[in-house]
Every structure is written in structure tokens, then in C-alpha cells.
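Chemist: One predicted model, sequence on top.
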Amino acid sequence: MAALTQDTPLKRQLGSYVEYPMLASTVIYEGSMVGLSSGYARALVAGDTFVGHCIENNTEGTAANAGENVKVLRGNEGGPYELERTLASVAVTDVGKDVYASDDATHTLTQGSNSPVGKVAWYVTTNTCVVRFTPLESDVTNHEHTAVTNGGVLTSPRVVTAIADTNGNELIIVTATASAVNEVTLANAATGNGPTITASGETNVPVTLAAKGTGAVTLGQATSAGVDLAADQPIRDSSANELIKFTKATTAVNEITVANAATGNGPSIISTGETNVALGLAGKGTGTVTVGQATGSVQLGTVSTDKIGTYGATPVVRAANIIAVTGGSVIDVESRTAINALLTAVKNLGLIASA
């Protein structure tokens, strides 16, 4: 239903006009904003493509489309034109904002499902301004947006080189690939969920996140809970071979902490979580666990109270000192020498105290 019920002559009619075939059984009053419905003109309904203002009352009385044409005001050479209009609550600070139409006579600064029709050209007085109308604005490819209330809706716009910020600086650079079929999909999310950046297109599509030059790729921030794996995928090397694999415990509370170190100290791999947490290190099948290297050394335990066990025996603290064999009525020099040598070796390994 058209909002106008009678002719409303336009105060300014500078420019030219074009004619559009009318929708069947339609009345368009003089002064109505005209929209297209499936290509046929009618008194504008929210969401229609705005094509101009009706400059001569016309009625399509038949049940067939295109039985009559309506004359529609356009600017010089079919471009923009300006008219004084009523716009509720318009303020002097609204100059330059986008104007929308909710019907053929109602203007608003609210986008919603309304039709973009132009911009506030200048403020006249309370609830009145001059609107610079832009027919076919929904087809404009270089439209400025600053907020939901005064930005237009663009469907599949083509960006040639880059998207710029409010200062005109490059924000996102766009490069084109001939015959491209894969792309990035950006999705927002409802409460409790995070937005996503996803590769899309073919069945299996990788995505690359790369810094420039020697720049680093940063994941997370200081207050992040962590960097999550979507599943237990491995980390792979540059040849796509598995490097580190992960498995999970459903209610895990213990984990491994890897720490680097300053000069003179070595990095560490430590079990963390509960008060007492074991650490497993095992080869697969009959594989050997190798600790140390030809030019290095291996230390088991750091203090005498550390417990060590072998071959399934319960770990115990280091044994007390065993005094070398001396004295006695029967002396076997060779046995005594051997026993003392063994004691020295065991003490040197730290398995028993040396004093």
C-alpha cells in the first residue's frame, strides 16, 4: 500500500526524467518515490531499488504489467538531484549520512531492510533537510559506509586493489588469481562462540598464515586461555611429515611445561599440574631411549633426596656411605682392593654417599 494518497508536487525539479513500465494494478502519485519490483515500477516499498521520484500521477488500471509507463525524475544525465524533504529527528550533524526509504514518502537514517535513496545534503530546520537523491544507489559500487545506521548493503562487491581504513590507509590488500575457485570465508558467531576464518571452495583446501620477511606469526594474546587444536592433529615439518603428535585425556589436569633458559642454564621439560606428577619417556616396541650425546653428560637426580629406581624397583633415595674395607684378622688383598674399587665407582656415580 502506497503511503501517499494524493499528488504531492515536488518543490524542486531540476534535471530530466525517464520512463519505467508500471506494475499491474498500480497507482503512483506525483511526488512518490518509485521503486522497482521484478523490473516494474511501483510506489516504493522497503527493499525496492530506488529509481527516482514520480513527476506525473499515473495509474496502471489493467491486470497486466507494462500497460502504462510512469515518468520518473532524474538528475542531469540520469544522475543525482536534490529535494527538500521531511526526515524525522534529522540534525545538523547528520549532513553526509545515508538516507533510506521505508515506503514511497517516508525517509529515515536507519538502514534495516529499507531502500537506500541518497544522502543528507544540508540541514534546513527541525525534521527538514535537503536530500541528494541518487537513483539506482543500490547498484553503486563505491559506496561509503560508516555505521549500520548510515551504511548501505552491498552484495558481492568487487574490490580492485584494497580496502582502506577511515584515514585512507590500506587495511586489506586484495590480489586476484585467474580462474580462482578457493577463497576465505569469514563468519561471525552467536554468544559463547568465536568468529571464524576458514578456507572454502574445493573439498580439501589448505590455508596459509604467513608473516612478511623475518616477521613472526603471533597466535593468541596475553589474556588468552591458550591456543586450541580443533582436533588432535599432529604438527608437521616442511615436507608434511609428522613431527609431533598429540593425544588427550578427557579430564586432563596435568601437562608438560617447556621452559627456555638464560645463559649458563639449560632449557627444561617438566611435568606440571597436581602436586606430584610423573613424567613418562619411552621408546616404541624394542626401541631404545637414548639420553645424552658423545660430548655431553647425563645427570640423574639433582639433590641427594631425589629418588631413583631401576627395572621396576620402587625409587629410593641415595644409600648412606659405606666405609672402605680395612683391618680384620684375615686379609685378602685382591678382594679388598676390588671391593674398595667398586665402592669408589658407586660413590662416583652418586648411588651411595661418599661420606
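Modeler: Ah, there it is. In this text the structure is predicted, and so the values were computed from the model without any measurement.
Chemist: Contact partners for N69?
Modeler: 19-22, 41, 58 (CB atoms under 8 Å, 6 or more residues apart in numbering). All C-beta atoms are positioned from the backbone trio N, CA, C, and that covers glycine.
Chemist: do the same with A199
Modeler: Contacts of A199 (CB under 8 Å, 6+ apart): 182-185, 205-207.
Chemist: Let's see that with 7 Å instead.
Modeler: A199 sits next to 182, 184, 205-207 when contact means CB atoms under 7 Å, 6 or more residues apart in numbering.
Chemist: the helices in this protein, which residues?
Modeler: 333-349 (DSSP state H).
Chemist: how close does V346 sit to I323?
Modeler: Using CB to CB, to the nearest Å, one obtains 13 Å as the distance from V346 to I323.
Chemist: For E183, give its distance to V346.
Modeler: From E183 across to V346, the span is 68 Å (CB to CB).
Chemist: okay, those two: which has more neighbours?
Modeler: V346 (14 against 11; other CB atoms under 10 Å).
Chemist: Please verify my assumption that that one contacts S354.
Modeler: No: at 9.5 Å, V346 and S354 do not qualify as touching, with contact defined as CB atoms under 7 Å.
Chemist: residue ranges with poor pLDDT in the stretch 101-250 of the chain?
Modeler: Applying pLDDT under 70 to the stretch 101-250 of the chain flags residues 137-155.
Chemist: and stretch 87-98, average pLDDT?
Modeler: Stretch 87-98 carries an average pLDDT of 94.
Chemist: Stretch 343-351 too?
Modeler: Mean pLDDT, stretch 343-351: 79.
Chemist: buried stuff in that stretch?
Modeler: Buried residues in stretch 343-351, counted by 16 or more other CB atoms under 10 Å: 343, 347.
Chemist: repeat for stretch 31-40
Modeler: Neighbour-count burial for stretch 31-40 [16+ other CB under 10 Å]: 31-36, 40.
Chemist: so how far is it off the chain centroid?
Modeler: Chain-centre distance of stretch 31-40: 39 Å, with CA atoms, centre = their mean, to the nearest Å.
Chemist: One more: stretch 279-289?
Modeler: 41 Å.
Chemist: List of residues touching it?
Modeler: Stretch 279-289 is contacted by residues S271 when judged by CB under 7 Å, 6+ apart.
Chemist: Any idea how far apart the tips of it sit?
Modeler: Stretch 279-289 has an end-to-end distance of 14 Å (CA to CA, to the nearest Å).
Chemist: quick check: domain ranges of this structure?
Modeler: Domain assignment for the chain, taken from automatic domain parsing, gives 1-151, 299-355.
Chemist: Number of residues surrounding the residue nearest to G201 when sequence neighbours are not counted?
Modeler: Closest residue to G201 apart from its sequence neighbours, by CB to CB, 6 or more residues apart in numbering: N182 at 3.2 Å. N182: 13 surrounding residues under other CB under 10 Å.
Chemist: my guess is N182 contacts E202, does it?
Modeler: Yes: at 5.9 Å, N182 and E202 qualify as touching, with contact defined as CB under 7 Å.
Chemist: any residues in contact with both of the two?
Modeler: Between them, N182 and E202 share no contacting residue under CB under 7 Å, 6+ apart.
Chemist: show me what contacts I256?
Modeler: Per CB under 7 Å, 6+ apart, neighbours of I256: 269, 271.
Chemist: With V131 instead?
Modeler: Here V131 is in contact with 82-83, 85, 99, 107, 118, 120-121 (CB under 7 Å, 6+ apart).
Chemist: What sits closest to L209 if chain neighbours are left out?
Modeler: Counting by CB to CB, 6+ apart, the residue nearest L209 is V217, at 5.8 Å.
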